[in-house]
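**Student:** can you look at this prediction? I've put the sequence above it.
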Amino acid sequence: MKKQIFPSMTKDAIQKRISWILKNYAGGTFLEGMDEKLALALLDNHPNAAEKKGCGVKTIMIVDDGPRRGKHFEIHRIDGSHIDFSYRACLRGSTKQLDRFRLACRTAVKHDTMGFRDEALKGNPVCRHRGIPLTKENSIVDHVKPKTFNMLVANFVGKEGIDIDHVEIGGDMLREFIDQSIARKFRKYHNENATLELVYWEANNEECR
């Protein structure tokens, strides 16, 4: 399990500072002081940190690739080699843990989404995408764009300053938060921000993507 990126800052504060650095520092600038320490701490949380660091990090520079890629971080190693790294990959943690976190979030709101489905079915609904009458067997609850489920999870994580790599998740077939206070907070956030609709299952895989 990875350590907290920067103990004195929330993930939201880190993201804001990193965005400020990339916006205000000119290409070719080597980071110094607290900004360098922040970037190095961020690098420690990269899924491929060891590969990125190689023989060791000498410094980190801001590179400006213009319209193609914009500004990003570049590691300068002690042997003279260099390689870039994505701060977004560092902030979101490992993909597997992110997937587990999302599944635990779905578990937290399962009764709410199923309740929405059962209530919607009482009105003999028709899928607005396919024009097909919906039943319990052929329908699925969808989160209406742009507030997709993954976006709601990401916004919740940023708002609460959660380091998902430090969140304990249990269960095998059904993932759930060990700390149920996280489940309660996400359920409240979801109920206040999600826009749900019942759709034909194939529409959920195609039109609703």
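**Tutor:** Okay, I see it. Residues are numbered from 1 along each chain as shown.
**Student:** what are the buried residues along whichever helix or strand residue 197 is part of?
**Tutor:** Element membership of residue 197 [criterion: DSSP states H and E] is strand 196-200. Judged by neighbour count using 16 or more other Cβ atoms under 10 Å, the buried positions of strand 196-200 are 196, 197, 198, 199, 200. Quick note: C-beta positions are derived from backbone N, CA and C, even for glycine.
**Student:** next helix or strand past that strand?
**Tutor:** helix 201-205.
**Student:** can I get that next one in CSV, CA atoms only?
**Tutor:** Extracted in CSV, the C-alpha atoms of helix 201-205 (Å, rounded to 0.1, in the frame of the first residue of the first chain):
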residue,chain,number,x,y,z
TRP,A,201,-29.5,-2.8,-21.7
GLU,A,202,-28.0,-2.6,-25.2
ALA,A,203,-28.6,1.2,-25.2
ASN,A,204,-26.5,1.4,-22.0
ASN,A,205,-23.6,-0.3,-23.9
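**Student:** start the count at 153 instead of 1 going forward.
**Tutor:** Renumbered: residue one is now 153, and that last one reads helix 353-357.
**Student:** burial count for residue 255?
**Tutor:** Using other Cβ atoms under 10 Å, residue 255 is surrounded by 16 other residues.
**Student:** quick check: it is in a strand.
**Tutor:** No. With DSSP: H, G, I helix; E, B strand; the rest coil as the criterion, residue 255 is helix rather than part of a strand.
**Student:** let me know the angle separating whatever helix or strand residue 264 lives in from strand 348-352.
**Tutor:** Per DSSP H and E, residue 264 falls inside helix 262-273. Angle between the axes of helix 262-273 and strand 348-352 is 70 degrees (criterion: axes from the mean of the first three to the mean of the last three Cα atoms, to 10 degrees).
**Student:** and the strands in the chain?
**Tutor:** Per DSSP state E, the chain has strands spanning 209-216, 223-229, 234-237, 291-295, 321-322, 328-329, 348-352. These are given in chain order.
**Student:** ok, which of the ones you listed comes nearest residue 162?
**Tutor:** Nearest of the strands of the chain to residue 162, taken as Cβ to Cβ: strand 328-329 at 19.0 Å.
**Student:** got any ranges where the protein has weak pLDDT?
**Tutor:** In the predicted model of the chain, residues 153-160, 219-221, 244-247, 324-325, 357-361 satisfy pLDDT under 70.
**Student:** quick check: the residue nearest the centre of it vs residue 312, distance?
**Tutor:** Against the mean C-alpha coordinate of the chain, by Cα atoms, centre = their mean, the closest residue is residue 306 at 4.2 Å. Residue 306 is 11 Å from residue 312, where distance means Cβ to Cβ, to the nearest Å.
**Student:** then residue 217?
**Tutor:** Residue 217 sits at a distance of 33 Å from residue 312 (criterion: Cβ to Cβ).
**Student:** now residue 162
**Tutor:** Taking Cβ to Cβ, one finds residue 162 at 8 Å from residue 312.
**Student:** thank you, goodbye.
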